[in-house]
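this is a predicted model, with the sequence first.
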Amino acid sequence: MAKICFLGAGSTVFARNVLGDCMRVEALRGSMVALVDIDPERLEDSRLVVEKLNAALNAGFRVDAFLSADAESALRDADYVINAIQVGGYEPATVRDFEIPKRFGLRQTIGDTLGIGGIFRALRTIPVLLDYCRVLERVAPDALLLNYANPMAMLTWAVLKATSIRCVGLCHSVQVCASHLCEELDLPSDNLKWRIAGINHQAWLLEISRGGVDLYPEIRRRAQLETYRVKDAVRFEIMKRFGYYVTESSEHNAEYTPWFIRNAYPELIDRYRIPLDEYPRRCLEQIARWKELRASLLSDAPITHERTHEYASYILEAIETGQPYTFGGNVLNTGLIPNLPAGCCVEVMCVADRNGITPTYAGPLPMQCAALNRTNINVQELAVEAALTRSRDRVYQAALLDPHTAAELTIDDIVAMCDALFDAHRDMLPDYH
């Protein structure tokens, strides 16, 4: 009987989906689930929903809920830990991450992976996640941590560098990349064979074929037709210039490079259809939808669940049964991609089975793809080092080397912006020297 601990269980819909998936796995029948969150109201909502789903699916799970202050009890003897925490939430943290940079003339789209928003999200989250890992080292040292939280690469890197906990980062991008690309170009998306490697949110679709036919020539041709170009303008431009398609969306990739969001060239926003302030807008929409959804989930209305494409339940099933499962995971680069820095966090295909998680060798990336990845890895490395050493200079350096930030602001403005964010987030950050 497995024990699954879910950190950040106040994300009720996500907890419901991931744990509902697990309830559909026969090998996990009768598992124990420990829900953990800092918000007692959201935690209770999630407990009620998960209990309701457990009853509807007759999964035999035992569900307990714990506030974060009692995390040791929740984590004790855990086999699997799923992390979905967001330190500071939308209000106040995300609002500050967007509004303060705007005062300096820096606009963002998502701000959760790279850029100034990603850096400060990492600085808030890494200490909290490491605290949980220190508890795990005492009470469940053999647990497997599945990290779903962003900034994915920075959090996973920090855990694997600073603790002894086994950890793999999981993201939606890889599993839907090839099929999404074909569908948006009106190409058949069944029976695809593909290969992806790189870093989280900027991994590369290196090969894609169907029935033994290489699809890339037709993909590249269609992507430059106006009918299709506007659907995914940033990614198609990157593919045009670098030769390969990246896994994460155009709104994300617009802020991972210095070319698309430029105050001096406002026409680029329309040309590449860049949705500035997209993440805050999504947050507000989700908050509004949650009020209606909460009433439905907590009502007497029947509840059910069909297994989703999220990786977690398939990984747990593979480990419990020994039937191998292949997925895209974020792990440390132990020679897996030779032309990316050793020890950085890379996204490669991994195999789950009774041995746990085994990353596979991806080989070197095309030179230009590796070069673009390294511009992002520079920021990730410095931000992780900043969080582990509490070095203010490392934060400045991460921001100064961020491609989008450096394209827009002067050195003095970047340092002043970091100072303003330090001041705004002081209640959620340790002391930096």
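Perfect, I can see it now. Numbers count the residues shown, from 1 in each chain.

residues touching residue 255, list them.
Contacts for residue 255 (Cβ atoms under 8 Å, 6 or more residues apart in numbering) come out as 108-111, 114-115, 261, 404. C-betas here are computed from N, CA, C, even on glycine.

okay, now residue 164: neighbour count?
The tally of other residues near residue 164 (other Cβ atoms under 10 Å) stands at 11.

so it is in contact with residue 141, correct?
Yes. Counting by Cβ atoms under 8 Å, residue 141 is a contact partner of residue 164 at 6.8 Å.

related to what we said a few turns ago, now the buried members of the contacts of residue 255.
Applying 16 or more other Cβ atoms under 10 Å to these, the neighbour count classes 108-111, 114-115, 261, 404 as buried.

quick one: which two of the residues you listed are the most distant?
Across the buried ones among the contacts of residue 255, no pair lies farther apart than 114 and 261, at 12.4 Å, counting by Cβ to Cβ.

mutual contacts of these two, please.
Contact criterion Cβ under 8 Å, 6+ apart; residues shared by residue 114 and residue 261: 255, 404.

returning to what we had before: and which of the contacts of residue 255 is nearest residue 426?
Comparing those against residue 426 with Cβ to Cβ picks out residue 111 as the nearest, at 19.2 Å.

show me the contacts for the closest residue to residue 273 other than its chain neighbours.
Spatial nearest neighbour of residue 273, chain neighbours left out: residue 233 (5.3 Å); criterion: Cβ to Cβ, 6 or more residues apart in numbering. Listed by Cβ under 8 Å, 6+ apart, the contact set of residue 233 reads 250, 271-273.

looking at the residues you listed, which is nearest residue 179?
Nearest to residue 179 among those is residue 250, at 16.9 Å by Cβ to Cβ.

got the phi and psi for the closest one?
Dihedral pair for residue 250: phi -60, psi -40, per degrees, to the nearest 10.

how close does it sit to residue 261?
Using Cβ to Cβ, to the nearest Å, residue 250 is found at 12 Å from residue 261.

name the residues contacting each of the two.
Among the neighbours of residue 250, those also in contact with residue 261 (Cβ under 8 Å, 6+ apart) are residue 274.

next, the buried residues of the worst-scoring helix or strand of the chain on mean pLDDT.
Sorted by mean pLDDT, DSSP states H and E, the helices and strands of the chain end with helix 278-297, the least confident at a mean of 91. With burial defined by 16+ other Cβ under 10 Å, the residues of helix 278-297 counted as buried are 278-280, 283, 297.

measure how the helix or strand containing residue 20 sits relative to helix 278-297, angle-wise.
Per DSSP states H and E, residue 20 falls inside helix 12-23. Between helix 12-23 and helix 278-297, the angle comes out at 60 degrees (axes from the mean of the first three to the mean of the last three Cα atoms, to 10 degrees).

given whichever helix or strand comes after helix 12-23, what are its sheet partners and their directions?
Next helix or strand after helix 12-23 toward the C-terminus (DSSP H and E): strand 32-37. Strand pairing for strand 32-37, determined by DSSP bridges: strand 3-7 (parallel), strand 62-67 (parallel).

in JSON lines: those, plus distance to residue 340 and mean neighbour count.
Shown next, in JSON lines, are the strands paired with strand 32-37 (distance: least, Cβ to Cβ, whole Å; neighbours: other Cβ atoms under 10 Å):
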{"stretch": "strand 3-7", "distance to residue 340": "29", "mean neighbour count": "26"}
{"stretch": "strand 62-67", "distance to residue 340": "38", "mean neighbour count": "17"}
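
quick one: closest of those strands to residue 77.
Residue 77 sits nearest to strand 3-7 of all the strands paired with strand 32-37, at 5.8 Å, using Cβ to Cβ.

what residues sit buried inside the host helix or strand of residue 357?
Following DSSP H and E, one finds residue 357 within strand 356-359. Buried residues in strand 356-359, counted by 16+ other Cβ under 10 Å: 357, 359.

chain center to it, what's the gap?
How far strand 356-359 lies from its chain's middle: 19 Å, per Cα atoms, centre = their mean, to the nearest Å.

parallel or antiparallel, which strands does that strand pair with?
Applying DSSP bridges, strand 356-359 is found paired with strand 345-353 (antiparallel).

can you flag which of the contacts of residue 233 belong to helices?
250, 271 (DSSP state H).

quick one: buried ones out of the contacts of residue 233?
Buried, going by 16+ other Cβ under 10 Å: 250, 272-273, out of these.

quick one, strands of the stretch 101-250 of the chain?
144-147, 166-169, 192-199, 202-210, 213-214, 245-246 (DSSP state E, counting those that start in this stretch).

so for the second one, mean pLDDT?
Across strand 166-169, the average pLDDT comes to 98.

and it, what does it pack onto?
Judged by 3 or more Cβ pairs under 8 Å, 6 or more residues apart in numbering; DSSP states H and E, strand 166-169 is in contact with strand 144-147, helix 152-162, strand 325-332, strand 345-353, strand 356-359.

6 Å instead?
strand 144-147, helix 152-162, strand 325-332 (3 or more Cβ pairs under 6 Å, 6 or more residues apart in numbering; DSSP states H and E).

single out the most deeply packed of these.
Most buried of these by mean neighbour count (mean count of other Cβ atoms under 10 Å) is helix 152-162; its value is a mean of 26.

can you tell me how far the nearest residue in space to residue 76 that is not next to it in sequence is from residue 5?
Nearest in space to residue 76, with sequence neighbours left out and distances taken as Cβ to Cβ, 6+ apart, is residue 139 at 4.3 Å. As judged by Cβ to Cβ, residue 139 and residue 5 stand 10 Å apart.

burial measure for residue 27, as a count.
Using other Cβ under 10 Å, residue 27 is surrounded by 16 other residues.

oh, I was asking about residue 23
By other Cβ under 10 Å, the residues close to residue 23 number 24.

how about it, what does it touch?
57, 59 (Cβ atoms under 6 Å, 6 or more residues apart in numbering).

show the pLDDT at it.
Here, the pLDDT recorded for residue 23 equals 98.

kindly report the same for the one 10 residues further on.
Looking at residue 33, its pLDDT is 98.

who does it bridge with?
Residue 33 has these beta-bridge partners by DSSP bridges: residue 4, residue 63.
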